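Undergrad: Could you look at this predicted model? Sequence included:
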Amino acid sequence: MMNIAFFLLPKKEVVCLTPDTTLRQTLEKMEHHRYTAVPVLNLDGSYAGTVTEGDLLWFLKNNSEITFENAHRHSLSEVPLRLQHQAVHIDATMEDLIKLVQTQNFVAVIDDSDRFIGIVRRSEVIDYCAKTILKDAAAPL
């Protein structure tokens, strides 16, 4: 059984936002890093959810008074998150991760205090699965 901590990209290496991040800052960070989704953390460090490009697009579409020029006056807390990206506990299994990465680019990982400690990226889970399949295929029967 593989420990998911092995795949963890620690919090200090993850681009995160808070609910009080402005829409302009959110858009600029996502563009700069070329991310389509970014974790949102509450001020206490707990995982609040994941904002996606789609969330921002639909919010801007439905609020025509918001422009890039005035986006600094609006915060991420105003944006409804359409999908509820689930986090997993650090003790989660690879099977738990596999289920979530089917619909999420990454899975947020939390500790015993429900604090965000990092992410596991979809690509890491796919690599693990591919290596496991290849190893099993090469094993003698």
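TA: Cool, the structure landed.
Undergrad: can you pull the buried residues of the lengthiest helix in the chain?
TA: Secondary structure of the chain per DSSP state H: the longest helix is helix 122-138. By 16 or more other C-beta atoms under 10 Å, the buried positions in helix 122-138 come out as R122, E124, V125, Y128. C-betas here are computed from N, CA, C, even on glycine.
Undergrad: Spit out the contact partners of the third one.
TA: Under the criterion of C-beta atoms under 8 Å, 6 or more residues apart in numbering, the contact partners of V125 comprise F7, M94, L97, I98, V101.
Undergrad: Where do the helices of the protein begin and end?
TA: In the chain, the helices defined using DSSP H lie at 23-33, 53-62, 94-101, 122-138.
Undergrad: hmm, back to that, quick check: the two most widely separated of the buried residues of helix 122-138?
TA: R122 and Y128 (10.8 Å; C-beta to C-beta).
Undergrad: in this protein, which segments are predicted with low confidence?
TA: Scanning the chain for pLDDT under 70 picks out the ranges 1-2, 139, 141.
Undergrad: Out of the contacts of V125, which comes closest to L17?
TA: V101 (21.1 Å).
Undergrad: quick one: that closest one and A108 touch, right?
TA: No - applying C-beta atoms under 8 Å, one finds V101 not in contact with A108, separated by 11.8 Å.
Undergrad: Show me what counts as buried in stretch 18-28.
TA: Buried residues in stretch 18-28 (16+ other C-beta under 10 Å): P19, T21, L23, R24, Q25, T26.
Undergrad: The last one and T93: what is the separation?
TA: If I follow you right, that is T26. 32 Å (C-beta to C-beta, to the nearest Å).
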